[in-house]
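Undergrad: below are the sequence and a predicted model; questions follow.
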Amino acid sequence: MSSKQKITTFLWFDNNAEEAMNLYVSIFKNSKVLSVTRYGDAGPGPKGSVMTATFQLEGQEFIALNGGPHFKFTEAISLFVNCDTQEEVDDLWTKLTAGGGAPSQCGWLKDKFGLSWQIIPSALMELMADKDPAKSKRVMEAMLQMTKIDISKIKAAYSQA
């Protein structure tokens, strides 16, 4: 018996939903394409072109729609990726900014489709949650100076006396 995900992230693309899905599935290890539906005679897209693409990234289901140029992604919604190592941060950062993506501040980036991602090491969240306000403040101040998060630098800020 399979359980259906109750809430699914739905992503609106102009006309490159399949390209985006294939990129994302290639980047994340435990990921797969679930289905692709195509426009028929009724449209509104060209007959045979991709209407929706359903896929999983690390077990989380997403639906991508080729809905046309009416709506664009903004930073108001982002995909938060919890990373275990600096190598994982570096790898995801490189792959998601490739081909026209752009780094931003504090671990945020936009991929070439304009979708915002937060590539965040779990160490950052743990150190910022420390009960010692001086330590968590130093970590926050270090993070605010970064684009891609550097675990060694946030740990150094945390350990300063």
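TA: Sure, I can see it.

Undergrad: quick one: residues contacting Asn16.
TA: Residues touching Asn16, when contacts are defined by C-beta atoms under 8 Å, 6 or more residues apart in numbering, comprise Asn66, Phe113. For the C-beta atoms, the positions are set from N, CA and C on the backbone; glycine is no exception.

Undergrad: quick one: it from Gly114, how far?
TA: Taking C-beta to C-beta, to the nearest Å as the criterion, Asn16 is separated from Gly114 by 10 Å.

Undergrad: so, low pLDDT: which residues of this structure?
TA: When residues are selected by pLDDT under 70, those of the chain lie in 1-3, 161.

Undergrad: try 90 this time
TA: Low-confidence segments of the chain, defined by pLDDT under 90, span residues 1-5, 42-46, 161.

Undergrad: what about the strands in it?
TA: Using DSSP state E, the strands of the chain run over 9-13, 31-38, 50-57, 60-66, 78-83, 102-103, 108-110, 116-121.

Undergrad: make JSON lines out of those and add mean neighbour count and distance to Ile151.
TA: Supplementary listing: those in JSON lines, determined by neighbours: other C-beta atoms under 10 Å; distance: least, C-beta to C-beta, whole Å:
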{"stretch": "strand 9-13", "mean neighbour count": "17", "distance to Ile151": "27"}
{"stretch": "strand 31-38", "mean neighbour count": "13", "distance to Ile151": "24"}
{"stretch": "strand 50-57", "mean neighbour count": "20", "distance to Ile151": "23"}
{"stretch": "strand 60-66", "mean neighbour count": "19", "distance to Ile151": "24"}
{"stretch": "strand 78-83", "mean neighbour count": "17", "distance to Ile151": "9"}
{"stretch": "strand 102-103", "mean neighbour count": "14", "distance to Ile151": "17"}
{"stretch": "strand 108-110", "mean neighbour count": "20", "distance to Ile151": "17"}
{"stretch": "strand 116-121", "mean neighbour count": "20", "distance to Ile151": "5"}
